[in-house]
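K.L.:
build me a model from this:
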Amino acid sequence: MNTCPYCGSEVESYGDHYSCLYCVMLIDTNDVQENGKRKNYLPDSQPKYEDLYLKTPELMALNTIELLYLLKFARAERGSIYSQRKLFLQAMKEGASEYEEAEKYTFKEYEFWTRKCFVLENLIRERISYIPKKLTESYIENFAGRMLNSAKKDMCIRQPKRLKK
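P.N.:
Prediction:
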C-alpha cells in the first residue's frame, strides 16, 4: 500500500503525484512510502571535500548529516588558514615585509572559509535549531544513529480490539 511519508495514511494516485487526504497535499512520487514506513534521510555516502565549493542554494538541497560533515571540513580549513595567517602576521611584526602578499591572500581565504562556516551553520541551525559547538566523529555517528532509529518506527495505527460480550 502506498502511504504518505508524513502521516502514514494511504495515498491516492493523482496524475504524476499522489494525494494525501489527511495532510491535504500532493506528494511527489519518489516521496511516497510503503505500508507506513518512514522516509530514510540518511544519504548513501558522505559528501566529498569538493562539495564545500557548492553555492548556498545547492547546499540547501543537501541532507543535514551531509551539512554536518561539510561544516566539520570547513572549520578545519578555516583553522588551518588561521594558523598560517597568524604566522605571517607574527613574521611581519618582526619586520619580514615580504610576507605582506601572503598575509593578504590568507585573509581572503580566511574570510571565504569563515563565510562558508556561517552558511553551513545557519543551514544546520534551520534544521536542528542550534549550531553544534564541536563536530566530532562520535557526534556525527550518534546523529546518524538517531536518524536510523527514527526511521524504524512505522506509522501504523492498530485497529481497536473488539470487546467480548
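K.L.:
list the contacts for the residue nearest the centre of the chain?
P.N.:
Taking C-alpha atoms, centre = their mean as the criterion, Thr64 is the residue nearest the geometric centre of the chain, at 1.7 Å. Residues near Thr64 by C-beta atoms under 8 Å, 6 or more residues apart in numbering: 41, 124, 127-128, 143. C-beta here means a position set from N, CA and C on the backbone, and glycine is covered the same way.
K.L.:
the same query, at a cut-off of 7 Å, please.
P.N.:
By C-beta atoms under 7 Å, 6 or more residues apart in numbering, the contact set of Thr64 is 124, 127-128.
K.L.:
what's the answer for Lys39, then?
P.N.:
5, 31, 33.
K.L.:
beta-bridge partners for the last one, please?
P.N.:
With beta bridges defined as DSSP bridges, Gln33 has these partners: Thr3.
K.L.:
what about stretch 28-48, how long is it end to end?
P.N.:
28 Å (C-alpha to C-alpha, to the nearest Å).
K.L.:
same thing with stretch 54-74?
P.N.:
12 Å.
K.L.:
now do it, average pLDDT.
P.N.:
Mean pLDDT, stretch 54-74: 97.
K.L.:
what residues sit buried inside that stretch?
P.N.:
54, 59, 62, 64-74 (16 or more other C-beta atoms under 10 Å).
K.L.:
which of these fall within strands?
P.N.:
In this view, the buried residues of stretch 54-74 have no member that belongs to strands under DSSP state E.
K.L.:
inside helices: which ones of those residues?
P.N.:
Those of those mapping onto helices are 59, 64-74, per DSSP state H.
K.L.:
and Ser45, what does it touch?
P.N.:
Contacts of Ser45 (C-beta under 7 Å, 6+ apart): none.
K.L.:
Ser138: neighbour count?
P.N.:
Residues contacting Ser138 under the criterion other C-beta atoms under 10 Å number 8.
K.L.:
element containing it?
P.N.:
Using DSSP states H and E, the element containing Ser138 is helix 137-152.
K.L.:
that helix packs against which elements?
P.N.:
Other elements packing on helix 137-152 under the criterion 3 or more C-beta pairs under 7 Å, 6 or more residues apart in numbering; DSSP states H and E are helix 64-93.
K.L.:
following the helix it packs on, which helix or strand shows up next?
P.N.:
Downstream of helix 64-93, the next assigned helix or strand under DSSP H and E is helix 100-128.
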